[in-house]
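> Mind folding the following:
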Amino acid sequence: MTSRARLVGFNHVAVVVGDIEEALDFYGRIFEVELRGRGRGMAFIDAGDQFIALSEGRPGPTDDHRHVGLVVDDKRAVRRALREAGVEILPGRGLDFLDPWGNRWQVVEYGEVQFTKSPEVLRGMDLGGLKKTEKALEELRRKGLT
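Predicted structure coming up:
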């Protein structure tokens, strides 16, 4: 038994935006957004069994390395929504973009990464049919997670 706590996952990620209503509108054009709750200068949107906390404030400067990585069921749908919203997709091999407040988002598809939801959570999210690629399954097997 170690004396240090093990990282289990994330409860939420907090992102600073300039205006909550504008942020909800922007993210709602890119993703299916379900509002979990609101507070003074805050909005909380569901991200599966976690959430994203949008905090009204003054965003800092853009950083090429600091980003939030999102897992989605359909990366092509995100790419299409970004184009329709006139959002620039950043160069590179992935699907990265900046929101209007300079937050960098990196989008990956569930099937391609070792990040895994339990069958119960996937069913509850109406995503029970999502499957992993063989490469992602191999990563999970190597770690004893399948």
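
> Could you use CA atoms for every contact and neighbour count after this?
Will do.

> what's the least confident helix or strand in the chain by mean pLDDT packed up against?
Every helix and strand of the chain was ranked by mean pLDDT, DSSP states H and E. The lowest is helix 119-124, at a mean of 89. Helix 119-124 is packed against no helix or strand, with contacts defined by 3 or more CA pairs under 8 Å, 6 or more residues apart in numbering; DSSP states H and E.

> Can you give me the buried ones in stretch 110-124?
Neighbour-count burial for stretch 110-124 flags 110-111, 113-114, 116, 122 (criterion: 16 or more other CA atoms under 10 Å).

> Run through who's touching the one helix or strand Glu22 maps to.
Applying DSSP states H and E as the criterion places Glu22 in helix 20-30. For helix 20-30, the external contacting residues (CA atoms under 8 Å, 6 or more residues apart in numbering) are 17, 33, 41-43, 54-56, 78, 81-82, 85.

> Could you export that helix as CSV, CA atoms only?
Below are the C-alpha coordinates for helix 20-30, written out as CSV (Å, rounded to 0.1, in the frame of the first residue of the first chain):
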residue,chain,number,x,y,z
ILE,A,20,-21.4,32.7,-19.9
GLU,A,21,-24.3,33.1,-22.3
GLU,A,22,-21.9,33.6,-25.3
ALA,A,23,-20.0,30.5,-24.1
LEU,A,24,-23.1,28.4,-23.8
ASP,A,25,-24.2,29.5,-27.3
PHE,A,26,-20.7,28.8,-28.8
TYR,A,27,-20.3,25.3,-27.2
GLY,A,28,-23.9,24.5,-28.1
ARG,A,29,-23.1,25.0,-31.8
ILE,A,30,-20.3,22.5,-31.6
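
> pLDDT score assigned to the most centrally placed residue in the chain?
Nearest to the mean C-alpha position of the chain, by CA atoms, centre = their mean, lies Leu70 at 2.4 Å. You'll see Leu70 listed with a pLDDT of 93.
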